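> the amino acid sequence is not available; the structure is as follows:
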């Protein structure tokens, strides 16, 4: 009887009475962890705007790193010959590329997604053969779900995305390209000035 009574008393005792101070310590530890987690969530931090890169393939199946195809200002254009809006959009984006062909700071990278190399080569003709993303891997890294989709990358940073077909002859769109080129030039000049200042001590 006595052992049953003692056991019953133990079963009904608060945990703090059995192990003094443990409850309060656990409570404070929990509070510290909670505050730390909240701080991490609310602490201001810079967003990573680095443009995804990755590997594409050319018409022969050779691996081509996307990074090797970029310029200070690059339009990465995901499209396909099986996508009707892509076909409609292509002449305008090719005109854009032709207009900036003499500008070493600009590059258009046309990436055919899940497409047939022969069809792409025939469609692009003299401007082809283009590059390929056979399994959507690079396109998905940009969040691409539907085609066409184009991403404006300035010196490795993703600065804008164009979802759907775009009129690349539109002066407003051309103005955005010019702004991007101006941004690249300013950043290059600032870095050169900083390097010169560092070199002179």
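Structure's in. What do you need? Just so you know, these numbers come straight off a predicted model, no measurement behind them. Residues are numbered from 1 along each chain as shown.
> mind giving me the packing neighbours of the lengthiest helix in the chain?
Scanning the chain for the longest helix, with DSSP state H as the assignment, gives helix 171-200. When contacts are defined as 3 or more CB pairs under 8 Å, 6 or more residues apart in numbering; DSSP states H and E, helix 171-200 packs onto strand 73-79, strand 149-154, strand 157-163. From N, CA and C alone the C-beta is placed, and that goes for glycine too.
> could you save those strands as TSV and add columns showing distance to residue 138, mean pLDDT and mean neighbour count?
TSV is the format used below for those (distance: least, CB to CB, whole Å; pLDDT from 0 to 100; neighbours: other CB atoms under 10 Å):
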stretch	distance to residue 138	mean pLDDT	mean neighbour count
strand 73-79	8	98	25
strand 149-154	11	98	23
strand 157-163	13	97	15
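> adding distance to residue 59, write the ones you listed out as JSON lines.
Shown next, in JSON lines, are those (distance: least, CB to CB, whole Å):
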{"stretch": "strand 73-79", "distance to residue 59": "15"}
{"stretch": "strand 149-154", "distance to residue 59": "21"}
{"stretch": "strand 157-163", "distance to residue 59": "25"}
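> select, out of the ones you listed, the one closest to residue 124.
Of all the helices and strands packed on helix 171-200, strand 73-79 sits nearest to residue 124, with 10.3 Å by CB to CB.
> could you list the buried residues of the longest helix of the chain?
Residues 173, 177, 180-181, 183-184 are the ones in helix 171-200 that count as buried (16 or more other CB atoms under 10 Å).
> wait, which of the helices and strands packed on helix 171-200 is closest to residue 101?
Going by CB to CB, the one of the helices and strands packed on helix 171-200 nearest residue 101 is strand 73-79, 13.1 Å.
> got the contact list for that closest one?
Strand 73-79 is contacted from outside by 51, 66, 70, 86, 89-90, 93, 96, 105-113, 133, 139, 142, 144, 147-155, 177, 180-181, 184, using CB atoms under 8 Å, 6 or more residues apart in numbering.
> buried residues in the helix or strand that comes right after that strand?
Using DSSP states H and E, the helix or strand that follows strand 73-79 towards the C-terminus is helix 84-99. Neighbour counts over helix 84-99 (16+ other CB under 10 Å) mark 86, 89-90, 92-94, 96-97 as buried.
> before we move on, what about stretch 103-112?
Buried, per 16+ other CB under 10 Å, within stretch 103-112: 105-112.
> from the chain's centroid, how far away is it?
Chain-centre distance of stretch 103-112: 17 Å, with CA atoms, centre = their mean, to the nearest Å.
> quick one: low-confidence ranges for the chain?
1-48, 201 (pLDDT under 70).
> can we see that at 80?
In the predicted model of the chain, residues 1-48, 126-129, 201 satisfy pLDDT under 80.
> what residues are up against residue 96?
By CB under 8 Å, 6+ apart, the contact set of residue 96 is 75, 108, 168-169, 174, 177.
> switch the cut-off to 10 Å
By CB atoms under 10 Å, 6 or more residues apart in numbering, the residues touching residue 96 are 75, 77, 106, 108, 166, 168-169, 173-174, 177.
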